[in-house]
Each structure stands twice: as C-alpha cells, then as structure tokens.
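Student: Any chance you could fold what I've pasted below:
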Amino acid sequence: MDYTIYQLLWLFLIYAFLGWVGETALAALRKGRLLNRGFLSTPFSPVYGLGGVLFSVFLSELTDAPFFLFLGGVLLGTGLELLTGVVLEKLTGEKWWDYSHRKYHFNGYICPHYALIWGLCALLCLFAGNRLALFLVGLIPQGAGKLILLAIYLVLGLDLLTSFAALLQ
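Tutor: Residues are numbered from 1 along each chain as shown. Okay, here's the model as predicted:
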C-alpha cells in the first residue's frame, strides 16, 4: 500500500505515542512507580514512530508473507534501535538503554529478545494497527487534521530542542 505524507505523519505520531505508553507502563510495572522512559518531555518515543513508518513504507508488500514480514520487522527495528542507541550516546554521552544483562546482546544496544518484539510490532502494524489508525484519522476532516499535525509537530520540535539543550548543559 502506498501512504501519503499526511498518513505517514499521523502514523509516526500514533506509534510514537503508543510506544511511549508501552515503555512507561512496562517501567511502572517493573519499578512500582510512574516514570518517563523517553528522551523527550512530551509523551512520545520517536523510535517507535519511526519504526512504524519504516515498516509501513518498506514492508507493506510482505503482508502476504507473514514470516518475511516478521523477519523484515526484526531487521529494520533492530537496525533502527542500534542506530538510535549509538547516535543518542554520541550526542548526549549517556546510554539510554542497556541490554548487557541479556544473552547475545551487541554492546548493550540490541539483543534477540527485543529483536523479536520488533518483528511482532511489524506484524501488528501492518495487519491491524495501520488500518485502525488510518480509519480513525480519516474521521478527522483533513483541514483540521493538518492543523492538529502542525501544532503537535511544533510542540515536538520545541521539546526536542529543549531536551537537547538541557542535556548539553
């Protein structure tokens, strides 16, 4: 399926939000208290948004071959996680996650356990998530949807700038 830029911008936001919710809920269960697991102050985790967009753009032709869709999700998601981890550490001097305690990890950035989760995420995105998300987005008049996107992306841009500025001090 071909997606418009408008749809991809919405998918990014939806998956970035859902990824943040998932990470925050999992951390709350493990730690017994609520804490923001993301780099940003807003409730978005861009790595999940970008993952959802990458799956949608590069893997949508594989819905007739679920095994290869899963495998593509493993490769794309794990590559994205590795790149994001390395870049964030280089930019901030901090390691934002560490899988060193897991078997077969690579420098603590990636591991098979989370690679399999990326594969499952690709299946969820392309078999159910995108359809539901785009149906819901379709309920918003496009003019209003564009204004909403503009407002959210402006807030995200400001959040990114202030988060980096706070880290660099």
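Student: List the buried residues of the helix or strand harbouring G19.
Tutor: Using DSSP states H and E, G19 falls within helix 5-31. For helix 5-31, the neighbour count (16 or more other C-beta atoms under 10 Å) marks 7, 9-20, 23-24 as buried. Glycine gets a C-beta too; all of them are placed from N, C-alpha and C.
Student: Is D98 part of a helix or strand, or is it coil?
Tutor: Under DSSP: H, G, I helix; E, B strand; the rest coil, D98 falls in the coil class.
Student: what's near enough to touch it?
Tutor: Contacts for D98 were tallied using C-beta atoms under 8 Å, 6 or more residues apart in numbering; they are G108.
Student: What of T92?
Tutor: T92 touches L167, L168, counting by C-beta under 8 Å, 6+ apart.
Student: try it again with 10 Å
Tutor: Residues in contact with T92 (C-beta atoms under 10 Å, 6 or more residues apart in numbering) are F39, S163, F164, L167, L168.
Student: Helices - which of these land there?
Tutor: S163, F164, L167, L168 (DSSP state H).
Student: Generate a ChimeraX selection restricted to the buried subset of those.
Tutor: Filtering the ones in helices among the contacts of T92 down to the buried ones (16+ other C-beta under 10 Å) takes a single ChimeraX command:
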select :163
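Student: now for the ones in helices among the contacts of T92, which pair is the farthest apart?
Tutor: Greatest spacing in these, by C-beta to C-beta: S163 and L168 (9.7 Å).
Student: Nearest spatial neighbour of the residue sitting nearest the centre point of the chain, chain-adjacent residues omitted?
Tutor: Centroid check for the chain by C-alpha atoms, centre = their mean gives Y48 as the closest residue, at 0.5 Å. Nearest non-adjacent residue to Y48, counting by C-beta to C-beta, 6 or more residues apart in numbering: G19, 2.4 Å away.
Student: do you know how far that neighbour is from K90?
Tutor: The spacing between G19 and K90, counted by C-beta to C-beta, to the nearest Å, is 22 Å.
Student: what about L54, helix or strand, and which?
Tutor: Going by DSSP H and E, L54 is part of helix 46-59.
Student: Give me the buried positions along that helix.
Tutor: P46, V47, Y48, G49, L50, G51, G52, V53, L54, F55, S56, L59.
Student: After it, heading C-terminal, what element do we hit next?
Tutor: helix 66-92.
Student: after that next one comes which helix or strand?
Tutor: Assigned by DSSP H and E, the successor of helix 66-92 is helix 112-124.
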